[in-house]
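Novice: Here is a sequence together with a model predicted from it:
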Amino acid sequence: MNDGVNGVALAVFIFFFVLVTAMGFLAARWRRAENEHSLDEWGLGGRSFGTWVTWFLLGGDLYTAYTFVAVPAAIYAAGASGFFAVPYTILVYPLIFTFLPRLWSVSHKHGYVTTSDFVRGRFGSKGLSLAVAVTGILATMPYIALQLVGIQAVLDVMGVGGGEDTNWFVKDLPLLIAFGVLAAYTYSSGLRAPALIAFVKDTLIYIVIAVAIIYIPIKLGGFDDIFASASDKFTAAGKGGVVPDAGGQWTYATLALGSALALFMYPHSITATLSSRSREVIRRNTTILPLYSLMLGLLALLGFMAIAAGVKVENGQLAIPQLFENMFPDWFAGVAFAAIGIGALVPAAIMSIAAANLFTRNIYKDFIKPDATPQQETKVSKLVSLLVKVGALIFVLGMDKTVAINFQLLGGIWILQTFPALVGGLFTRWFHRWALLGGWAVGMVYGTVAAYGVASPTQKHFGGSSDEIPGIGEIGYIGLTAFVLNVVVAVVLTFVLRALKAPDGVDETSPADYTADAGDPGVQVELPPATAGSSH
């Protein structure tokens, strides 16, 4: 790591940062609507994005700075078991092809902005809707924090902010500036800002990975030498080589499957999806998004390259930025650092918007001010998006970075528990609303308690996301075990509640709503009662 500041890399980084900042503010004028005072406009970009804008937005949303840093860091630390991220992103696209078009259609028909809007409308339950909203917000907060961790890792490697003995304000000033810029253009431009910036972010990432996968192996003597170095490291560490032993197969498989089920439960994934202009745009995107999985597979190989290059870091999150610093010319290292930094800004903006929309629509409007106008909703959502980012910043500056990572792992366990209500509700009304709430509660409690009991060499609690699967005895992903318990409880309670003839909620949707498209005759966005009569 440099003893001083890498001036050339920093200058390139600043150039791209200023470029995307300008784009972020100019995005407010991009596809400007006649009425900007609604969540449809600020929070969903007017539901107007076509195939390529949606593709870049979803890619920028799902493939974050944390992905760029953490996936190869997992390979660097644990070997091939870290590749679970590659099959899970392959599994997820056939899965979402089955339900995302249905969610888009019913949301377009009824003006739903969040998944909780749909759950409330489908099951007639504000309680279940609140559970989904709170889960989404809790799961998103540490995810935003990790994007800031990604920026901080790049700044550390470039030598910005001084050493550990530097005054805290000076040390954290670059991160505070990046946060301030992110907060400002998100507030002014809404979802249009990350949608526009995503073009630059993804272009940079593809360029960096294409160069890295060719240039670095040439400098290291080829892939034979790279894999041999990795094998030697893991054999010497007593791990039996690059590939984990048979005992790790259950962990690998359950983590991949559970992560695939959870990915599009996150509010930011749904926000990007609902911003598209038609059902067909969603269907096309599920077929071309796997191109990002190809990129991810190549990206993961950087972890082995870091081992072969002799990168030594105490914090594994610094391994890839340090690899770029060591292997690339300073100017291209700056391009790579910019790709990671901008890769943090895009998803952080979308995540803060998604969390704010959940609070505004499903807490503020449902429980605090039911007669809120579209203008009031937009104002509240803008303010909450700022508060969410402030919370994430405090989280990063005030806590150990491993805490943020552990809470993000816990967030994955939590968000998976909303799957039965959301995806189940898209295909059937059979589940009883109270049964879904009971299943959610059991899954949340089990997942949290089980994760709390997992220890690691560095901490007593929340040391990982895998534990023994009850009744099987194998080590597997806690989130998937909690999900199975969730579904079992929901099914059993539904039978019981149906037998007792417990009151069911009113379903405001109809079968035709789930296949409606923007161009279908008679399809109009239905406004909630409080917004009726206003331009939407």
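Specialist: Structure received.
Novice: okay, CA-based contacts and neighbour counts for the rest of this
Specialist: Will do.
Novice: Just give me the residue right at the centre of this structure.
Specialist: When the chain is reduced to its mean C-alpha position, the closest residue under CA atoms, centre = their mean turns out to be Leu62, at 5.3 Å.
Novice: Next, count neighbours for the closest residue to Glu468 other than its chain neighbours.
Specialist: When the adjacent residues along the chain are set aside, Glu468 lies closest to Ile475, with 4.3 Å between them (CA to CA, 6 or more residues apart in numbering). The burial count assigned to Ile475 is 18, neighbours taken as other CA atoms under 10 Å.
Novice: residues in contact with Ile475?
Specialist: Contacts for Ile475 (CA atoms under 8 Å, 6 or more residues apart in numbering) come out as Gly247, Gly248, Trp250, Thr251, Ser466, Asp467, Glu468, Ile469.
Novice: Top of the residues you listed by number of neighbours, please.
Specialist: Ser466 (24 neighbours).
Novice: how far away is that one from Asp117?
Specialist: From Ser466 over to Asp117 the distance is 32 Å, taken as CA to CA, to the nearest Å.
Novice: Over to Ile90?
Specialist: From Ile90 over to Asp117 (counting by CA to CA), the distance is 29 Å.
Novice: out of those two, which sits in the busier spot?
Specialist: Neighbour comparison, Ile90 and Asp117: the larger count goes to Asp117, with 22 against 18 (by other CA under 10 Å).
Novice: The more buried one and Arg361 touch, don't they?
Specialist: Yes. Here Asp117 lies in contact with Arg361, judged by CA atoms under 8 Å, at a distance of 7.3 Å.
Novice: Quick one: residues contacting the closest residue to Ile353 other than its chain neighbours.
Specialist: Distances taken as CA to CA, 6+ apart place Ser385 nearest to Ile353, at 5.6 Å, with adjacent residues excluded. Residues touching Ser385, when contacts are defined by CA under 8 Å, 6+ apart, comprise Ala183, Tyr187, Ser352, Ile353, Ala355, Ala356.
Novice: Helix, strand, or coil at Ser385?
Specialist: Three-state secondary structure (criterion: DSSP: H, G, I helix; E, B strand; the rest coil) places Ser385 in helix.
Novice: what's the following helix or strand after the longest helix belonging to the chain?
Specialist: Scanning the chain for the longest helix, with DSSP state H as the assignment, gives helix 126-158. Beyond helix 126-158 in the direction of the C-terminus, DSSP states H and E gives the next helix or strand as helix 168-189.
Novice: And that next one, what does it pack against?
Specialist: Helix 168-189 sits against helix 7-26, helix 126-158, helix 192-220, helix 330-359, helix 374-398, with contacts defined as 3 or more CA pairs under 8 Å, 6 or more residues apart in numbering; DSSP states H and E.
Novice: now for those, which one comes closest to His432?
Specialist: Comparing those by their distance to His432 (CA to CA), the top pick is helix 126-158, with 10.6 Å.
Novice: Name the residues of the closest one that are buried.
Specialist: Within helix 126-158, the residues scored as buried using 16 or more other CA atoms under 10 Å are 126, 128-158.
Novice: coming back round to it: deepest in the core, which of the helices and strands packed on helix 168-189 is it.
Specialist: When neighbours are counted by mean count of other CA atoms under 10 Å, the highest per-stretch mean among these falls to helix 330-359, a mean of 28.
Novice: between that one and helix 7-26, how big is the angle?
Specialist: An angle of 30 degrees separates the directions of helix 330-359 and helix 7-26 when computed by axes from the mean of the first three to the mean of the last three CA atoms, to 10 degrees.
Novice: From the chain's centroid, how far away is helix 330-359?
Specialist: Centroid separation between helix 330-359 and its chain, computed with CA atoms, centre = their mean, to the nearest Å, is 11 Å.
Novice: can you check stretch 436-455 too?
Specialist: Distance of stretch 436-455 from the chain centroid (CA atoms, centre = their mean) equals 21 Å.
Novice: Please identify the buried residues of it?
Specialist: When neighbours are counted by 16+ other CA under 10 Å, the buried residues of stretch 436-455 are found to be 436-444, 446-448, 450-452, 454.
Novice: now swap in stretch 511-518 and tell me
Specialist: Asp513, Tyr514, Ala516, Asp517, Ala518.
Novice: Quick check: the second one touching Leu103?
Specialist: Yes. Using CA under 8 Å as the test, Tyr514 is close enough to Leu103 to be in contact (6.9 Å).
Novice: Overlap in contacts, those two.
Specialist: With contacts taken as CA under 8 Å, 6+ apart, the residues that reach both Tyr514 and Leu103 are Leu426.
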